[in-house]
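Chemist: Turn this into a structure:
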Amino acid sequence: MHLSKFSDYAIRVCLHLTAHTGKRVSIAEIAKLQGLSHANLMKVVNQLVDAGFLKSTRGRSGGVELAQPADHIRIGEVVRHMEGEGALVDCRTCVIRGSCGLPSVLQTAKRVFFEHLDQFTLADAIAAHPRTRDVLLGLSLESSV
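Modeler: Numbering: from 1, shown residues only. The predicted structure is shown next:
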């Protein structure tokens, strides 16, 4: 399974904010530190805010932060929101549409994939490697210039 760029960005943003819990971080700062497109990151952050994963504050001291504790946000929920519920393949123009078992096989695989991701929270992902938090906390605008 291949995740979209927006799902990748969403996970990166959420992990970045998990490491910086309690601190509002600007989208521009995340984009620069993570090496991501600012325009695409804005779209992703807006979707995450609309879904209730993040909260956003406007203004001079504004930015984004997690809307709930990292141990309450399941990775599967974030990815499911970004990927949508669509089919893995487009069968509309296939000559064997309606006579093929592949769609049900892929639907089962997708369900199992999300069930696995649902077992882990953002906090679990940060804790899964001993250096993740330190690396994310060590990123700074000063060291990236």
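
Chemist: counting contacts, what elements does the helix or strand that contains Leu136 pack onto?
Modeler: Assigning secondary structure by DSSP states H and E places Leu136 in helix 132-138. Applying 3 or more Cβ pairs under 8 Å, 6 or more residues apart in numbering; DSSP states H and E, one finds that helix 132-138 makes contact with helix 5-19, helix 122-127. Any C-beta I mention is one placed from the backbone N, CA and C, and that applies to glycine too.

Chemist: Select, out of these, the one closest to Leu137.
Modeler: Closest of those to Leu137 is helix 5-19, at 5.4 Å (criterion: Cβ to Cβ).

Chemist: quick one: Gly63 and Val78, what's the gap?
Modeler: With the distance defined as Cβ to Cβ, to the nearest Å, Gly63 ends up 19 Å from Val78.

Chemist: In the chain, mark out all the strands, start to finish.
Modeler: 54-57, 63-66 (DSSP state E).

Chemist: Report the mean per-residue pLDDT for stretch 57-76.
Modeler: Throughout stretch 57-76, pLDDT has a mean value of 94.

Chemist: Next one, pLDDT for Met1 please.
Modeler: At Met1 the predicted local distance difference test score is 71.

Chemist: Isn't it up against Arg111?
Modeler: No: counting by Cβ atoms under 8 Å, Met1 stays clear of Arg111, with 11.8 Å between them.

Chemist: My guess is Lys110 contacts Leu88. True?
Modeler: Yes: in this structure, Lys110 sits in contact with Leu88. The criterion is Cβ under 8 Å, and the distance is 5.8 Å.

Chemist: Mind listing the shared neighbours of these two?
Modeler: By the contact definition Cβ atoms under 8 Å, 6 or more residues apart in numbering, Lys110 and Leu88 are jointly contacted by Met1.
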